[in-house]
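# Requesting a structural model of the entry that follows:
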Amino acid sequence: MPEDQSQDDFDVRLLAQMREDFLEESQEHLDQLNLGLTRLEENPHDVEIINELFRTVHTLKGTASFVALDKVREVAHLMEDVFGAIRQGNLKVTATLIDTLFGGMEMLTLLRNQAQAKGPENVDVTTIISSLAALKEISINRESVVPEQGGKIGEPASDRLTGELKTASLISETIRVPTVRLDNFMNLVGEMITSVNRLNNYSGRFRDNDLATIASTVTRLTRQIHSGLMSVRMVPVERLFNKFPGVVRNLARELSKEVEFTIQGKETELDKTVIEQMYDPLVHLLRNALDHGIEEPERRRELGKPPVGRIKLSARHWQNNVIIEISDDGQGIDPGNLRRVAVSRGILTAEAAQHLTDNQAINLIFLPGFSSAETVTDVSGRGVGMDVVKESVQRLHGLVEVHTTAGKGATFRIQLPLTLAIIEVLLVRAGALTYALPINSVWETLLVDSAAIETMEKNAVIFIRERAFPLMELSALLRGIPVVSRNAQVPVVVLGMAGEKVALAVDELLGKQDVVMKSLGEYLGKVEGVEGAAILADGSITLIIDVEFVLRNL
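This next block holds a predicted model:
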């Protein structure tokens, strides 16, 4: 191969790698830009925010030049000029200026996504360039105000140098790893856990001290490897949450509503893969909270509420899960309205609708196609696309539920596992087979006296702490096997999801176990009532029960 051709091939590979690095890093810069613009609008004279925004677009401009993304470079360059004019005192921060800068940020995001999809750089940027250039022209026509060194607007050279040096302790101490490599590593760790479970099973059967010692050591090391890999995959939800202030701000202006948006728990860590797939569901919930939850300022005054509505986005750890909540103090969801809509659209009969509990009526919003223009009018639009939100969360093996009080607001609570590859399950025996129940849906287990099982409207129920729970037989539900005669004590698992709970009767509780959930494959496809499969410690295969299916068959 000629030397010049070899060099050309090397240059092409180098440019491709540099572009991939830019696309990875640029998303973080765009998130910072989004959050910074919202903070700047609230604090128009904050020098630190202005300098941070200037540095962010400066970095985007410089790196885009290296990787031949000319339109990204051009837009970022004009935004850099605008931020430079602001910090020099030649431009004032106004709502119009912020709107234009948000437009620039959205254009940069569009160009970045197009480059990531390896499409041609054919987005029309003339409008945003004209808008940014107009701001630049205003600053040029004004008398330049140059602050003294170290003044409120300028950035002291010593601070800038210190910041650049700090950015350089960071580069030397970190390394970027493609997510696919971590995914492969996690799959291998999952297989290790399956093997360790089997090793412990054999150790218990043979009662060999040496084997028990080896099993204990391998178990400890595997847990440490799993924990270490988990920590590598974990990132703060701040990376996700920082995208939303701009979304809420722009929609509030569009709807002529006033809202105070607060975020809590940014430091909460979650699997990177989970975070990447949660953007769309959370955007949808935030838009619904603002569009159909928060009332107009005048209406809120009539109701005795502050004219400024409140929306809160929060995250926290709970056991081996992360809980994300979106709350608002708007008009809430009226279960009576939902019953009427379900009847008017032929989803339920009037008699069936009246038998729904309030929780069951509220959960109608998660039915596919429940929302329409009519629904938006009748039930304040709360059902729009909620089936999509639910599906997105369920793909991540999570749960979503809603708590609301009509006239006072609503809270959507999403429960997500820390990782997707390995889940904890409760093993139960029903008939001759062993099944697995996702532990994040298990509320409690107990033994119930057979005599305590009652019948209400031809359905079996049990009372737990004076509350009635429908009682279902797992074997009858999944396989149509008739209920066999019970001993004096019946093992029961209480499952819960989206505000609904059911008691599941089984033959034996076998304990908890970490398993690697696998799909059933293309041959079997989707099997009703089954979420996946896993290999157990004894080498047998178990089916993982779809809890939503159980609740649908109450």
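
# just the strands in the stretch 101-250 of the chain please.
Here the stretch 101-250 of the chain has its strands, by DSSP state E, counting those that start in this stretch, at 234-236.

# quick one: low-confidence parts of it?
Low-confidence segments of the stretch 101-250 of the chain (pLDDT under 70): 140-168, 170-174.

# So this protein: which segments form each domain?
3-173, 179-235, 237-417, 422-552 (automatic domain parsing).

# And the third one, end to end?
When the termini of domain 237-417 are compared using Cα to Cα, to the nearest Å, they are 14 Å apart.

# Mind putting the domains of the chain into JSON lines with mean neighbour count?
C-betas here are computed from N, CA, C, even on glycine. As requested, those are exported to JSON lines (neighbours: other Cβ atoms under 10 Å):
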{"stretch": "domain 3-173", "mean neighbour count": "16"}
{"stretch": "domain 179-235", "mean neighbour count": "15"}
{"stretch": "domain 237-417", "mean neighbour count": "18"}
{"stretch": "domain 422-552", "mean neighbour count": "16"}
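
# Quick check: which ranges of this protein have low pLDDT?
For the chain, counting by pLDDT under 70, the residues that fall below are 1-15, 140-168, 170-174, 371-384, 421, 479-487, 497-499, 522-523, 554.

# Closest to the centroid, which residue in it?
Residue closest to the mean C-alpha point of the chain, counted by Cα atoms, centre = their mean, is residue 278 at 2.8 Å.

# That one against residue 389, yeah?
No - here residue 278 does not reach residue 389: they are 10.2 Å apart, not a contact under Cβ atoms under 8 Å.

# Now do stretch 290-300: everything it contacts.
248, 251-252, 255-259, 303, 305-309, 311, 328-332, 376, 380-382, 384, 409-410 (Cβ atoms under 8 Å, 6 or more residues apart in numbering).

# ok, now stretch 189-203?
211-212, 214-215, 218-219, 222, 225-226, 229, 421-422, 513-516, 534-539.

# make it 10 Å
For stretch 189-203, the external contacting residues (Cβ atoms under 10 Å, 6 or more residues apart in numbering) are 208-216, 218-223, 225-230, 419, 421-423, 513-518, 534-539.

# wait, what's in contact with the residue nearest to the centre of the chain?
Contacts of residue 278 were listed using Cβ under 10 Å, 6+ apart, and they are 237, 240, 270, 322, 324, 392, 393, 396, 398, 414, 416.

# Most widely separated two among these?
Largest separation among the contacts of residue 278 by Cβ to Cβ: 237 and 392, giving 16.0 Å.

# picking up where we left off before, sort out for me which of the contacts of stretch 290-300 are in helices.
248, 251, 252, 255, 376 (DSSP state H).

# Tell me where the stretch 451-554 of the chain has helices.
474-479, 521-524, 547-552 (DSSP state H, counting those that start in this stretch).

# now the stretch 301-450 of the chain
335-344, 350-355, 358-362, 373-378, 386-395.

# contact partners of the last one?
Just to be clear, that refers to helix 386-395. Contacts to helix 386-395, defined as Cβ under 10 Å, 6+ apart, come from residues 277-285, 288, 324, 363-371, 398-402, 412, 414-416, 420, 497-498, 531, 546-548.

# To what extent is residue 175 buried, counted in neighbours?
Residue 175 has 6 neighbours, counted by other Cβ atoms under 10 Å.

# Now do the contacts for residue 332.
Residues near residue 332 by Cβ under 10 Å, 6+ apart: 293, 362, 380, 382, 402-411.

# Make TSV out of the helices of the stretch 301-450 of the chain and add distance to residue 204.
Formatted as TSV, these follow (distance: least, Cβ to Cβ, whole Å):
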stretch	distance to residue 204
helix 335-344	51
helix 350-355	49
helix 358-362	43
helix 373-378	56
helix 386-395	35
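
# Among those, which comes closest to residue 186?
helix 386-395 (17.1 Å).

# re the thing from before, return the subset of the contacts of helix 386-395 lying in strands.
In strands, defined here by DSSP state E, the members of the contacts of helix 386-395 are 324, 399, 400, 401, 402, 412, 414, 415, 416, 497, 531.

# The fifth one reaches residue 358, doesn't it?
Okay, so that is residue 402. No - using Cβ atoms under 10 Å, residue 402 makes no contact with residue 358, being 11.1 Å away.

# Could I get the full set of helices for the stretch 1-150 of the chain?
Under DSSP H, counting those that start in this stretch, the stretch 1-150 of the chain gives helices at 3-42, 47-66, 70-87, 95-116, 126-141.

# who wins for proximity to residue 527 among those helices?
The nearest among the helices of the stretch 1-150 of the chain, by Cβ to Cβ, is helix 95-116 at 35.4 Å.

# what's that closest one packed up against?
With contacts taken as 3 or more Cβ pairs under 10 Å, 6 or more residues apart in numbering; DSSP states H and E, helix 95-116 sits against helix 3-42, helix 47-66, helix 70-87, helix 126-141, helix 244-255.

# if we compare these, which one ends up closest to residue 467?
Short answer: helix 244-255, nearest of these by Cβ to Cβ, at 37.1 Å.

# Which other helices and strands does that closest one contact?
Short answer (3+ Cβ pairs under 10 Å, 6+ apart): helix 244-255 packs on helix 3-42, helix 95-116, strand 259-264, helix 279-288, strand 309-318.

# can you redo those as JSON lines with distance to residue 76?
Converted to JSON lines, those look like this (distance: least, Cβ to Cβ, whole Å):
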{"stretch": "helix 3-42", "distance to residue 76": "9"}
{"stretch": "helix 95-116", "distance to residue 76": "6"}
{"stretch": "strand 259-264", "distance to residue 76": "26"}
{"stretch": "helix 279-288", "distance to residue 76": "23"}
{"stretch": "strand 309-318", "distance to residue 76": "28"}
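
# To residue 123, which of the ones you listed lies closest?
Taking Cβ to Cβ, helix 95-116 is the member of these nearest to residue 123, at 5.8 Å.

# That closest one: how far from the chain's middle?
23 Å (Cα atoms, centre = their mean, to the nearest Å).

# same deal with stretch 356-374?
Using Cα atoms, centre = their mean, the offset of stretch 356-374 from its chain centre is 22 Å.

# can I have that stretch written out in CSV, keeping just the CAs?
Extracted in CSV, the C-alpha atoms of stretch 356-374 (Å, rounded to 0.1, in the frame of the first residue of the first chain):
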residue,chain,number,x,y,z
LEU,A,356,-64.3,1.0,39.6
THR,A,357,-62.4,2.2,42.6
ASP,A,358,-61.0,5.7,42.3
ASN,A,359,-57.5,4.3,41.7
GLN,A,360,-58.8,2.0,39.0
ALA,A,361,-60.6,4.9,37.3
ILE,A,362,-57.5,7.1,37.4
ASN,A,363,-55.4,4.3,35.9
LEU,A,364,-57.7,4.4,32.9
ILE,A,365,-55.3,7.1,31.6
PHE,A,366,-52.7,4.4,30.9
LEU,A,367,-55.0,2.6,28.4
PRO,A,368,-53.8,2.8,24.8
GLY,A,369,-55.8,5.3,22.8
PHE,A,370,-57.8,6.5,25.8
SER,A,371,-56.9,10.1,25.1
SER,A,372,-58.4,12.2,22.3
ALA,A,373,-59.4,15.8,21.7
GLU,A,374,-62.6,15.0,23.5
